[in-house]
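> Using only what follows, build the 3D model:
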Amino acid sequence: MATVAVLTPHDVPTTLNYYAPTDDAAEPAYTYVQAVPEGKPRTNVGRDPHPVVVHDARGREHELTLDTAGFQFVKAPSAETKFDDEERIKTEYYKEVEELLKKVAGAKRVFIFDHTIRRRKPGDAGEETPGNRGPAEIVHIDQTYDASIARVRYHLPADADRLLKGRVRLINVWRPIAHPVAHHPLAVSDWRTLDARDLVPMRLIYPEREGGTYSVRYNPGHKWYYLADQTPEEVTLIKCYDSEEDRARLTPHTAFPDPTAPKDAPHRQSIEVRALVFDTE
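The predicted structure follows:
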């Protein structure tokens, strides 16, 4: 009879990068996504590193849900394994994500508006490009409340007024690619330990429009979790917005260095899919 391995919790002492203003902080926080005006920095948001402990959620997954903590760990094997074909991702994998969100989050309608693949090794020379991104090592939330509503109007203008009368969520679906995560796992923070004053709205300035994300100030009360040795069959659902105010509305998240990871373990690869989720149709 085969024996089943029981994983013991593996909490990780590490350092997370929080929000810090730079010398150009006289104006509200901003980042230029593409073209940068001459003589202006790309961003006026710096990094404020703090030691934290990221707790292993294995064995406690049932305690941490989208509506209580703002995130959820779900077993969800995929037919896609390589994630090396953009058309296949958009036609086949998007369908899987849509069905997952309907099943787990109770969505009636799902609109996926983009995805990001991260394969770049930390320390690689040269600037990041859409096809060569590394882990995002700063605490953030992908959308502000206002930017989430604007996303609905931007992507679904004909239906926006009707859709915004019901519950609207913006949920990221994050999955490792190829192998379990060792270096730079994804940490998510429990909504219940967040103070609204911790959130710093940051303008995302595109050539043709403007969006917004939240940077996050350090708060020693934040409680952080990850899923040790997360496999490609396991996803993290990350809530970035919820129009309902009586439950978790978002969750800060970030990649983090794990000093206990085996040096020869493969570098992290991952895909995150971002979706607008509607409950009324």
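> residue boundaries of the strands in this protein?
For the chain, the strands defined by DSSP state E cover 12-21, 30-32, 45-56, 71-75, 109-118, 140-141, 168-176, 186-189, 199-205, 210-216, 224-226, 234-242, 253-255, 270-278.
> In the fourth one, which residues are buried?
In terms of neighbour count (16 or more other Cβ atoms under 10 Å), strand 71-75 has its buried residues at 71-74. For glycine as for every other residue, the C-beta is placed from the backbone atoms N, C-alpha and C.
> related to what we said a few turns ago, with mean pLDDT and distance to P157 as added columns, please give the strands of the chain in a markdown table.
Putting the strands of the chain into a markdown table (pLDDT from 0 to 100; distance: least, Cβ to Cβ, whole Å) gives the following:
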| stretch | mean pLDDT | distance to P157 |
| --- | --- | --- |
| strand 12-21 | 97 | 32 |
| strand 30-32 | 95 | 25 |
| strand 45-56 | 97 | 30 |
| strand 71-75 | 98 | 30 |
| strand 109-118 | 97 | 12 |
| strand 140-141 | 98 | 24 |
| strand 168-176 | 98 | 15 |
| strand 186-189 | 98 | 32 |
| strand 199-205 | 97 | 20 |
| strand 210-216 | 97 | 16 |
| strand 224-226 | 98 | 37 |
| strand 234-242 | 98 | 18 |
| strand 253-255 | 98 | 29 |
| strand 270-278 | 98 | 13 |
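> hmm, back to that, what's the closest of the buried residues of strand 71-75 to A147?
Nearest to A147 among these is F71, at 19.3 Å by Cβ to Cβ.
> What is the burial count for the closest residue to A178 other than its chain neighbours?
Beyond its immediate neighbours in the sequence, the residue positioned closest to A178 (Cβ to Cβ, 6 or more residues apart in numbering) is Q269, lying 5.3 Å away. Q269 has 20 neighbours, counted by other Cβ atoms under 10 Å.
> same check, this time on A136
Other residues near A136 come to 18 when the count uses other Cβ under 10 Å.
> Check E92 too.
The criterion is other Cβ under 10 Å. On that basis, E92 has 13 neighbouring residues.
> Give the full set of residues in contact with the closest residue in space to it that isn't next to it in sequence.
In this structure, E92 finds its nearest non-sequential neighbour in E80, 6.3 Å apart by Cβ to Cβ, 6+ apart. For E80, the residues meeting the contact criterion (Cβ atoms under 8 Å, 6 or more residues apart in numbering) are 88-89, 92-93, 96.
> Between which two of those residues is the distance greatest?
Greatest spacing in those, by Cβ to Cβ: R88 and E96 (11.3 Å).
> Between these two, point out the one with more neighbours.
E96 (18 against 14).
> measure that one to A147 for me?
As judged by Cβ to Cβ, to the nearest Å, E96 and A147 stand 26 Å apart.
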